[in-house]
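Q: what shape does this take:
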Amino acid sequence: MSNNLTPKPIIDKNGKATTVRVNNDKGSVTATRKLPAPSGVTKVAKPRPAGTVGGYNIKAYKSVQGREGDAFTCKLYKDGKAILEVSNDGNGGSNRYYPTGGYSGDWKKAETEFHDFAREFNGEDPVEGYNQEGDVLMEYMLWAADVEKHADKIGQPRAQVLEHNIDLENKSYADMGEGFESYIISDEVKARMLAAAAVE
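A: The predicted structure follows:
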């Protein structure tokens, strides 16, 4: 019986490994090894998730129109780890915060830390029994995520597109007049937003 000892290299579709198959009297022998990384190629860092502020970002956001705003559910992440489930029934009340599966830390502490960070970010003084600072920050994070994704899509710097949109929003609320002043983003908060957007 004749031998066919010609190696037949096969590179997988991802270019990560090569398989060499050799046929002989005893059948087919296969060996696989990882391909070396191409020289001179630098791995590009993945951009941080859109809408990230102080290490916090939102994922798995789902919403429907409620009677007084959006009813939604989502997961709140801190430094890449899911820490809280957040929901709102869309009937005018505050967000609800729950523990999320897989988080081994103290979820109540995680919630308190998020509200404390949000209060500082929003530039608000603490109010006894009032814990909606996180709700306000989450609204910003969701809005900023949409704006930053749009910036990525059109190939423009996130902070530049966000600043343009903040200015448009502020002008709209200013034009609406009395009763809408509280919706205008202050220069201090705007600066924090732009600093967060500039972090890649």
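
Q: buried stuff in stretch 154-167?
A: Of the residues in stretch 154-167, Arg158, Ala159, Val161, Leu162, Glu163, Asn165, Ile166 count as buried by neighbour count, 16 or more other C-beta atoms under 10 Å. Using the backbone N, CA and C atoms, a C-beta is placed for each residue, glycine as well.

Q: nearest residue to the residue most central in space within the chain other than its sequence neighbours?
A: A centroid search over the chain (C-alpha atoms, centre = their mean) returns Pro49, at 3.3 Å, as the residue closest to the centre. Among residues not flanking Pro49 along the chain, Asn57 sits closest, at 4.4 Å (C-beta to C-beta, 6 or more residues apart in numbering).

Q: pull the contacting residues for the one you found.
A: Contact analysis of Asn57 by C-beta atoms under 8 Å, 6 or more residues apart in numbering lists Arg48, Pro49, Ala50, Gly51, Leu76, Tyr77, Met141, Ala145.

Q: can you put those in JSON lines and add pLDDT, secondary structure and distance to Tyr97?
A: Listed next are those as JSON lines, based on pLDDT from 0 to 100; DSSP: H, G, I helix; E, B strand; the rest coil; distance: C-beta to C-beta, whole Å:
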{"residue": "Arg48", "pLDDT": "80", "secondary structure": "coil", "distance to Tyr97": "23"}
{"residue": "Pro49", "pLDDT": "84", "secondary structure": "coil", "distance to Tyr97": "20"}
{"residue": "Ala50", "pLDDT": "85", "secondary structure": "coil", "distance to Tyr97": "22"}
{"residue": "Gly51", "pLDDT": "86", "secondary structure": "coil", "distance to Tyr97": "18"}
{"residue": "Leu76", "pLDDT": "92", "secondary structure": "strand", "distance to Tyr97": "8"}
{"residue": "Tyr77", "pLDDT": "92", "secondary structure": "strand", "distance to Tyr97": "13"}
{"residue": "Met141", "pLDDT": "87", "secondary structure": "helix", "distance to Tyr97": "14"}
{"residue": "Ala145", "pLDDT": "87", "secondary structure": "helix", "distance to Tyr97": "19"}
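
Q: what does stretch 176-191 contact?
A: For stretch 176-191, contacts defined as C-beta under 8 Å, 6+ apart pick out Phe121, Asn122, Gly123, Glu163, Ile166, Glu169, Asn170, Tyr173, Ala174, Met193.

Q: can you check stretch 112-123 too?
A: 53-54, 56, 76, 78, 83-84, 97, 125-126, 131, 133-134, 136-137, 186, 188-189, 192.

Q: done for today, thanks.
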